[in-house]
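Visitor: just need the structure, nothing else, for what follows:
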Amino acid sequence: MEHLPQLTGKPYTDIIEADGTISRLFPTSTKPKVLKWHMDDEDRTITALNKTNWQFQFEDQLPVPLNGPIFIKRHQWHRLIKGDGSLMISIYKHARTQTNKT
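Guide: Next up, the predicted model:
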């Protein structure tokens, strides 16, 4: 398990597990304004690892509770909405499949 330093300017700390899964901690002190809309370069599934009232939101959709796995497609806009306390999520990055385009 590797702990990444908090020097990234990101509002979270990542812990990389042996299987490549990332555990990401958003501490209680996270300010709501730093949880920005963003997209990622790979498909991923996130799962909350603690009971929480934090929420997840896709672009043009209403926020949903983090009470089960959420699949996020590559380049799909999304954000977290701060709740009470800290949030620990598991992030599984799906392998990209190669397609031959001619």
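Visitor: which one is D41 nearest to, not counting chain neighbours?
Guide: R74 (6.4 Å; CB to CB, 6 or more residues apart in numbering). Every C-beta, even on glycine, is put in place using the N, C-alpha and C of the backbone.
Visitor: before we move on, what about D43?
Guide: In space, D43 is closest to H94, 4.0 Å off (CB to CB, 6+ apart).
Visitor: circling back: give me the number of residues near the residue nearest to D41?
Guide: R74: 13 surrounding residues under other CB atoms under 10 Å.
Visitor: re earlier: what residues are up against the residue nearest to D43?
Guide: E42, D43, R44, T45 (CB atoms under 8 Å, 6 or more residues apart in numbering).
Visitor: cutoff 7 Å now
Guide: By CB atoms under 7 Å, 6 or more residues apart in numbering, the residues touching H94 are E42, D43, R44.
Visitor: against D19, how distant is it?
Guide: As for H94, its distance to D19 is 14 Å (criterion: CB to CB, to the nearest Å).
Visitor: also K51?
Guide: 24 Å.
Visitor: low-confidence stretches in the protein?
Guide: Along the chain, segments meeting pLDDT under 70 span 1-8, 97-102.
Visitor: longest strand of it?
Guide: Identified as the longest strand of the chain according to DSSP state E is strand 87-93.
Visitor: what bridges to S90?
Guide: S23, T47 (DSSP bridges).
Visitor: next, I72: phi, psi?
Guide: phi -120, psi 120 (degrees, to the nearest 10).
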